[in-house]
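Colleague: how would this look folded up:
(chains A, B, C and D)
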There are 2 protein chains.
Amino acid sequence: MDSKTLCLAVLQRGEASGYEIKKKLDAPPYSHFQDTSFGSIYPALNRLAGEGAVEVRAEEQEKRPDKKVYSITELGRRRFREALQQPPGEDRLRSDFLFLLFHGDLLPKERVLALVDQRIAELDATVAALADCCPCSGKPLHDFLLELGVDHYRSSARFLRENRARLEQMLSGAPARAAE
Amino acid sequence: MDSKTLCLAVLQRGEASGYEIKKKLDAPPYSHFQDTSFGSIYPALNRLAGEGAVEVRAEEQEKRPDKKVYSITELGRRRFREALQQPPGEDRLRSDFLFLLFHGDLLPKERVLALVDQRIAELDATVAALADCCPCSGKPLHDFLLELGVDHYRSSARFLRENRARLEQMLSGAPARAAE
DNA sequence: CCCTCCATGTAAGAGGTTACATGATTAT
DNA sequence: ATAATCATGTAACCTCTTACATGGAGGG
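Modeller: Residues are numbered from 1 along each chain as shown, chains lettered A, B, ... in the order given. Reported below is the predicted structural model:
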């Protein structure tokens, strides 16, 4: 999904500033299936405003720069629904971790295992964080996606834990070529 | 990982043409954690050749354009190991499917469920395909990554299967606004 | 007859990332 | 003190995607 559609997705649930949109996109469940940066959101909002898909209202603030609060228009809603109508593209994962793991035979065994352990710890932390904010938001789909995320991170951690010993054996079998 | 590193990764396991590199990157396990296109591979190979990280040899073929067979140089190997030394970036998933699912309340219930069923079928097919090529390649890490992939796709399918009914209830609760 | 596989590349354009630019407030 | 949060944006850069260009072989 491009940045414009992402902005519409957030605005369709309520008005927000660019900064707030970014915060929401950085939080679960959005963070589970896409990425964004300010450098793409601010231009996207300007383009959307130019096209009439969103409206801007400047909110004055004391001791802070004005906040530009965006709200979606009828045109914006229509655009967003049209985007949802499109057949979804394939999932794409970009994982440096798996790439490294695949080339573990070129790395010191200790580094690979440390990477795996770190990954397991991160996955556990993510699961814990999601479980915290999970209880219930009142929004069923929101919670559903959160649960899906928990399941995914938990499964990944489980696999790594259950297969760590085997991996260690593999890495011992073909002796590690130490980094130059 | 950028296209250059990806090319080095493949070439480090043996010489290949640009076309063959793309084929390998499109197959598991590479396909599980990255994407590429000819438009990025061919320029990447040219740049690598310019930098001396790979060497080219033109292989004449009858009734086909010449094949440019690339092989990695010592410099290339060093570059690749250096790339592996870098701390890995975070995983990033881009999933239109999950995006749609999250906004299922704006879609006809039937469409969402159809999407889910289709996804389950795709996941099953992927698992079956991986299981086929899985038995053993002789390369332990290769098989390990394949197993990791199988586990992931299988877990995802299981979650969707186990929660499909609940999802259906959710979508019935808040009546679907049909697409305009 | 049409599609897919083989085989290489370019060019234009879209899109996004990163760094820069600014600056007060609040929490540690 | 120092870091993080709030708050917006631009500009350069980089990278990739998409479409175009070419064309024979072989299977359905």
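Colleague: by contact count, what packs against the helix or strand containing A:Lys24?
Modeller: A:Lys24 is part of helix A:18-26, with elements assigned from DSSP states H and E. Counting contacts by 3 or more C-beta pairs under 8 Å, 6 or more residues apart in numbering or on different chains; DSSP states H and E, helix A:18-26 packs against helix A:3-11, helix A:38-51, strand A:67-72. Where C-beta positions appear, they are placed from N, C-alpha and C, glycine not excepted.
Colleague: is the longest one in proximity to chain B?
Modeller: No. Remark: helix A:38-51 sits outside contact range of chain B, by C-beta under 8 Å from any C-beta of the partner chain, the gap being at least 13.4 Å.
Colleague: name the helices or strands packed onto that helix?
Modeller: For helix A:38-51, the elements it packs on are helix A:3-11, helix A:18-26, strand A:54-59, strand A:67-72, judged by 3+ C-beta pairs under 8 Å, 6+ apart.
Colleague: might you calculate how far the helix holding A:Lys24 sits from the centre of the chain?
Modeller: A distance of 12 Å separates the centroid of the chain from that of helix A:18-26, by C-alpha atoms, centre = their mean, to the nearest Å.
Colleague: out of everything not next to it in sequence, what's closest to the residue positioned nearest the centre of chain A?
Modeller: The centroid of chain A falls nearest to A:Ser31 when counting by C-alpha atoms, centre = their mean (2.2 Å). The spatially closest residue to A:Ser31, leaving aside those adjacent along the chain, is A:Leu25, at 7.0 Å (C-beta to C-beta, 6 or more residues apart in numbering or on different chains).
Colleague: the one you found: neighbour count?
Modeller: A:Leu25: 19 surrounding residues under other C-beta atoms under 10 Å in any protein chain shown.
Colleague: next one: the one 5 residues further on
Modeller: A count of nearby residues for A:Tyr30, using other C-beta under 10 Å, gives 21.
Colleague: and it, what does it touch?
Modeller: By C-beta atoms under 8 Å, 6 or more residues apart in numbering or on different chains, the contact set of A:Tyr30 is A:6, A:9-10, A:24, B:102.
Colleague: wait, doesn't the residue nearest to the centre of chain A sit right on A:Lys22?
Modeller: No. Using C-beta atoms under 8 Å, A:Ser31 is not in contact with A:Lys22; the gap is 10.9 Å.
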